[in-house]
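Undergrad: Coordinates only, no sequence provided:
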């Protein structure tokens with residue numbers, strides 16, 4: 001493989017603009033660049049979860065998702081490009097069903113937390129929701145694959161289930177919401 005990034009500092013963005021993958025120059029605060037940044041932040045949040053002690057199956061799932069997010073970033077970087085396929089969505093649906101089926105049913109909403117890895121996973125889940133909101137805003141302005149939106153929506157569900165799995169594996173109980181608990 002040839003060197004892809006031989007020069008890291010280009011100074012091309014010093015004027016507040018950046019280049020998309022097709023060479024188009026856009027503002028760094030454009031809707032498309034905002035979504036790219038959110039997807040990058042989500043991938044970084046998953047990297048922090050991966051720095052924790054995890055089961056091999058959770059680790060492998062998160063690493064696969066990181067690759068999917070680079071595919072999504074590739075789509076966003078080159079308008080009109082489609083990298084995510086129906087199989088990506090089917091994989092997430094199957095994982096959600098499988099993993100959630102191994103957990104006790106929820107009787108109440110869960111507060112973000114538990115062990116450190118699950119708490120970091122909840123930050124990643126919230127970041128995923130923000131990326132999804134930014135993507136839907138972009139979709140109102142420019143054409144973007146609907147599969148990308150569906151992928152992020154499903155991914156946040158999977159991350160929620162993975163947080164419960166991580167807590168279960170660590171022996172940490174889910175922290176259940178107690179309505180009205182803060183009322184004196």
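TA: Ah, there it is. What you are looking at is a predicted structure, and each value in this text was computed from that prediction instead of being measured.
Undergrad: Looking at the nearest residue to residue 177 once chain neighbours are set aside now. What's its pLDDT?
TA: Nearest residue to residue 177 in three dimensions, chain neighbours excluded: residue 109, at 4.2 Å (Cβ to Cβ, 6 or more residues apart in numbering). (Glycine included, C-beta is placed from N, CA and C.) pLDDT recorded at residue 109 is 91.
Undergrad: Check residue 1 too.
TA: So residue 1 comes in at 43 (pLDDT).
Undergrad: residue boundaries of the helices in this protein?
TA: Counting by DSSP state H, the chain has helices at residues 31-50, 56-77, 86-101, 116-139, 146-170.
Undergrad: so where's this protein shaky on pLDDT?
TA: Where the chain drops to pLDDT under 70, the residues are 1-23, 26, 28, 183-184.
Undergrad: Give me the distance between residue 67 and residue 60.
TA: 11 Å (Cβ to Cβ, to the nearest Å).
Undergrad: scratch that, residue 42 is what I was asking about
TA: In terms of Cβ to Cβ, residue 42 sits 18 Å off from residue 60.
Undergrad: which of those two has more neighbours?
TA: A count of neighbours by other Cβ atoms under 10 Å puts residue 42 above the other of residue 42 and residue 60, at 29 against 11.
Undergrad: so who does the more buried one touch?
TA: Counting by Cβ atoms under 8 Å, 6 or more residues apart in numbering, residue 42 touches 69, 124, 127-128, 131.
Undergrad: that older thread, Throw the helices of the chain into TSV and include distance to residue 180, thanks.
TA: Formatted as TSV, these follow (distance: least, Cβ to Cβ, whole Å):
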stretch	distance to residue 180
helix 31-50	31
helix 56-77	34
helix 86-101	28
helix 116-139	22
helix 146-170	23
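Undergrad: Out of these, the one nearest residue 176 is which?
TA: Nearest to residue 176, of all those, is helix 146-170, at 11.6 Å by Cβ to Cβ.
Undergrad: distance between that closest one and the chain's centre?
TA: Its chain's C-alpha centre and that of helix 146-170 lie 8 Å apart, by Cα atoms, centre = their mean, to the nearest Å.
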